[in-house]
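Student: I'd like to go over a predicted model; first the sequence, then the structure.
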Amino acid sequence: MATFLILCILIALLLTGMPIFAGLGLASIAIMLVTEGSISSVADTVFAKLDNGLLTAIPMFAFMAHVMIKSKVVDDLYDAANAMVGHLKGGLGVATVLSCTIFAAISGSSVATALTIGSSAIPQMKRFGYRSRDAYGVIAAGGTLGILIPPSGPLILYAIVTETSIGALFMAGFIPGILMALIFAAYCMTQAYFQKNQQQTNWIGWKECSQALRRSIWSLLMPPLVLGGIYFGIFTASEAASIGCIYALVVGALVYRNFGFKELAETAYETVRTTAMLFMILAAAAMFGHAVTIIRLPIELMESVTALGLSATGFILMVMLLIFILGMFMETISIILITTPIVLPALIQFDVNLLWYGILLMINLELALITPPVGMNLFVIKGIANAPLAEVIRGSLPYVVLMILGLVLVMLVPGVALWLPELAGFGS
Amino acid sequence: MKMNAENGEGEEISPSLLSRIIGSITFFAAALSAILVVFTLGITGYSVVQRYFFGTPVTWTDELSGFLVVGIVMLGTAETLRRGEHISVDLLSTRATGFLKKLVDIWGYASTAFVAGVLFISGWAAVEFSWNIGVYSDGYLEAPLWIPQSFILIGGGLLFLIALTRAFDLLFRKRKD
């Protein structure tokens, strides 16, 4: 009952439109004042959460993505993907998914992926006879790959909250990410058979194709550098992010020659705001986690689950359903930081593999990005295409079904997520 | 999903002189934070170079990075609020208009100011304790802990000031048009 009441109060506070960190902070302070009569632990909790060298990976990845976007290093990606597969039936859609997949492996952000690829892909797809809604749908869905395909900011946060290996989680996200991309691409190709207006580009020949690939080589080298460094144990996640950043800065400054001190200052300033925005929620979620532990909420939740007689599968299904519903109203980072500390003791009790759960959570959060009424990618597409939201939502609906299928698949076959990390020696 | 853009830059309420002064301070703090971002990048890169090129791993970078994260976040949070970029659930609040809208916005800023105030007070207590007792970090740096803890104090204070002045601006200032 207490759990339900606290969650209701929290949701009511958040719905008033205050910053999420303030809502979490307010609820936590109220609980602390009522139970302990003191707020002295607030700063210590915030400091303990933020004082973590691992966290530097997120600002560094954000910095790297901002540099790559600002120096226009990624602009050639879509042209290269288009040159390779644009001539196939549904090829522009496939090229869009391919670009989103590669960009996701550079940026680690769904919104950045949808925004960057969408700006080039939407006009091109419309020009080649794609219905607007089909173009919006594939970008909205392709963009979500940013949080599943490593490096992923949300995966890093999940790793920190659950104290799981970031490298192992990145590996676990790799195959499901590629699988989701293949499902989206297959859908685009199938759709092309029913939408006769969709045209494909002309095959430009191997020579031009290799030229387009050469132009995008600087973007294409980034994922192997960053992820290879992590997977082969050369760098930690934070170091890999920093090396990626330095690489992006060098390419922007010396190869593309459009990244100077002014751009560096602007990018660092943008990174500060992105970091503050994310980590204030992380800090407030730590306060909330501390507060609910004082009132034994996780233990109560565990007792309720035990009383319900749920199996591990039943519990996961219930949590996934809850997250799907939350995802309609809340933003992904907040969902991770609010729900994970609450369900973590139960997950451990049920001996659920935290890598597997993390990937299920990410696919569910991908859904959150394209499910109305609040889906960040829907808003991004609406913004860049100046399109009616209803049309963007209609275009995204088939992908919602595809993502649910992907979620069910990973749920039924955990090996899809766990094979790679187990191969690398990560047990759980 | 961001706190209403009307309250950030390009806002409809003309900010008071006090609000503008505090805004300049928060911008300056964010600029310092941006320097810390570049510095973090530098020390992490330095650590990799030392380890692989000179065979002398640096032991203190992780600890320092942790302190830098605290600095980056706390020095940047007030500016993020000033620009209306903190994430919020604006599903209902964006539908409010007129007086109700004003009320919702004031409530948002007042709540933020309250949380920031608590952060400042407890941050003060933490810094005072570390200063008086002489607490040092338990890593290789053995740095006086009050130094990184001060970021909580400064960030909480700036966040409190900017949120409060925004709330007052909404209460007492007229719209630009």
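Tutor: On my side now, so go ahead.
Student: How about the residue in chain B that chain A sits nearest to: what's its closest non-neighbour residue?
Tutor: Closest approach of chain B to chain A (Cβ to the nearest Cβ) occurs at residue B:93, with a separation of 2.7 Å. No exception for glycine: its C-beta is placed from N, CA and C like everyone else's. Spatial nearest neighbour of residue B:93, chain neighbours left out: residue A:17 (2.7 Å); criterion: Cβ to Cβ, 6 or more residues apart in numbering or on different chains.
Student: Which secondary structure state does the residue nearest the centre of chain B sit in?
Tutor: The centre of chain B sits closest to residue B:77, judged by Cα atoms, centre = their mean, with a distance of 2.3 Å. Under DSSP: H, G, I helix; E, B strand; the rest coil, residue B:77 falls in the helix class.
Student: is it true that it touches residue B:159?
Tutor: Yes: contact status for residue B:77 versus residue B:159: in contact at 5.4 Å, counting by Cβ atoms under 8 Å.
Student: Now the common contact residues for those two.
Tutor: Here residue B:77 and residue B:159 share no contacting residue, scored by Cβ atoms under 8 Å, 6 or more residues apart in numbering or on different chains.
Student: For the closest residue to chain B within the stretch 101-250 of chain A, list the residues it contacts.
Tutor: At 3.7 Å from chain B, residue A:242 is the closest residue in the stretch 101-250 of chain A, using Cβ to the nearest Cβ. With contact set as Cβ under 8 Å, 6+ apart, residue A:242 has these partners: A:56, A:60, B:40-41, B:44-45, B:48.
Student: Kindly recompute the last result at 7 Å.
Tutor: Shown in contact with residue A:242 (Cβ atoms under 7 Å, 6 or more residues apart in numbering or on different chains): A:60, B:41, B:44-45.
Student: Any chance of the backbone angles for it?
Tutor: Residue A:242 adopts backbone torsions of phi -70, psi -40, taken as degrees, to the nearest 10.
Student: What is the neighbour count of residue 76?
Tutor: The chain I'm using is chain A. Neighbour count for residue A:76, taken as other Cβ atoms under 10 Å in any protein chain shown: 20.
Student: The chain in question should be chain B.
Tutor: Neighbour number of residue B:76 under other Cβ under 10 Å is 32.
Student: so how far is stretch A:387-395 from its chain's centroid?
Tutor: Distance of stretch A:387-395 from its chain centroid, counting by Cα atoms, centre = their mean, to the nearest Å, is 21 Å.
Student: Same question for stretch A:157-174.
Tutor: Centroid separation for stretch A:157-174 versus its chain: 13 Å, with Cα atoms, centre = their mean.
Student: buried ones in that stretch?
Tutor: Within stretch A:157-174, the residues scored as buried using 16 or more other Cβ atoms under 10 Å in any protein chain shown are A:157-162, A:164-174.
Student: these two touch, right, the residue nearest to the centre of chain B and residue A:281?
Tutor: No: the criterion here is Cβ atoms under 7 Å, and residue B:77 misses it with residue A:281 at 10.7 Å.
Student: Name the nearest residue to residue B:102, sequence neighbours excluded.
Tutor: According to Cβ to Cβ, 6+ apart, the nearest residue to residue B:102 is residue B:170 (6.0 Å).
Student: My read is that the one you found contacts residue B:107, right?
Tutor: No: contact status for residue B:170 versus residue B:107: not in contact, 10.0 Å apart, counting by Cβ under 7 Å.
Student: So the two - more neighbours on which side?
Tutor: Neighbour count, other Cβ under 10 Å: between residue B:170 and residue B:107, residue B:170 has more, with 21 against 16.
Student: contacting residues around that one?
Tutor: Applying Cβ under 7 Å, 6+ apart to residue B:170 gives the contacts B:13, B:102, B:105-106, B:109.
Student: What score does it have for pLDDT?
Tutor: Looking at residue B:170, its pLDDT is 91.
Student: now do the one 4 residues further on
Tutor: With respect to pLDDT, residue B:174 has a value of 66.
Student: Just give me how far stretch B:67-76 sits from the chain centre.
Tutor: Taking Cα atoms, centre = their mean, the mean C-alpha location of stretch B:67-76 is offset from the chain mean by 8 Å.
Student: if we look at it, which residues are touching it?
Tutor: If you take Cβ under 7 Å, 6+ apart as the criterion, stretch B:67-76 is touched by A:47, A:50-52, A:55-56, A:59, A:272-273, A:275-276, A:279-280, B:29-30, B:32-33, B:36-37, B:39-40, B:148, B:151-152, B:154-155.
Student: What subset of these is buried?
Tutor: With neighbours counted by 16+ other Cβ under 10 Å, the contacts of stretch B:67-76 contain buried members at A:47, A:50-52, A:55-56, A:59, A:272-273, A:275-276, A:279-280, B:29-30, B:33, B:36-37, B:39-40, B:148, B:151-152, B:154-155.
Student: Can you tell me which of the residues you listed end up in helices?
Tutor: Residues of the buried ones among the contacts of stretch B:67-76 located in helices (DSSP state H): A:47, A:50, A:59, A:272-273, A:275-276, A:279-280, B:29-30, B:33, B:36-37, B:39-40, B:148, B:151-152, B:154-155.
Student: and the residue of the stretch 51-200 of chain A nearest chain B?
Tutor: Nearest residue of the stretch 51-200 of chain A to chain B: residue A:53, at 3.6 Å (Cβ to the nearest Cβ).
Student: where does chain B have low pLDDT?
Tutor: Along chain B, the model assigns pLDDT under 70 to residues B:1-13, B:174-177.
Student: Just the terminal-to-terminal distance for stretch A:379-395.
Tutor: End-to-end distance for stretch A:379-395, by Cα to Cα, to the nearest Å: 13 Å.
Student: What residues sit buried inside it?
Tutor: Buried-residue list, stretch A:379-395, by 16+ other Cβ under 10 Å: A:379-382, A:384-385, A:387, A:391-395.
Student: can I get these in TSV with pLDDT and distance to chain B?
Tutor: Listed next are the buried residues of stretch A:379-395 as TSV, based on pLDDT from 0 to 100; distance: Cβ to the nearest Cβ, whole Å:
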residue	pLDDT	distance to chain B
A:379	80	7
A:380	80	11
A:381	86	14
A:382	81	13
A:384	77	16
A:385	82	18
A:387	84	18
A:391	90	20
A:392	90	15
A:393	90	15
A:394	93	20
A:395	94	20
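Student: Adding secondary structure, write those residues out as a markdown table.
Tutor: A markdown table is the format used below for the buried residues of stretch A:379-395 (three-state DSSP):
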| residue | secondary structure |
| --- | --- |
| A:379 | helix |
| A:380 | helix |
| A:381 | helix |
| A:382 | helix |
| A:384 | helix |
| A:385 | helix |
| A:387 | coil |
| A:391 | helix |
| A:392 | helix |
| A:393 | helix |
| A:394 | helix |
| A:395 | helix |
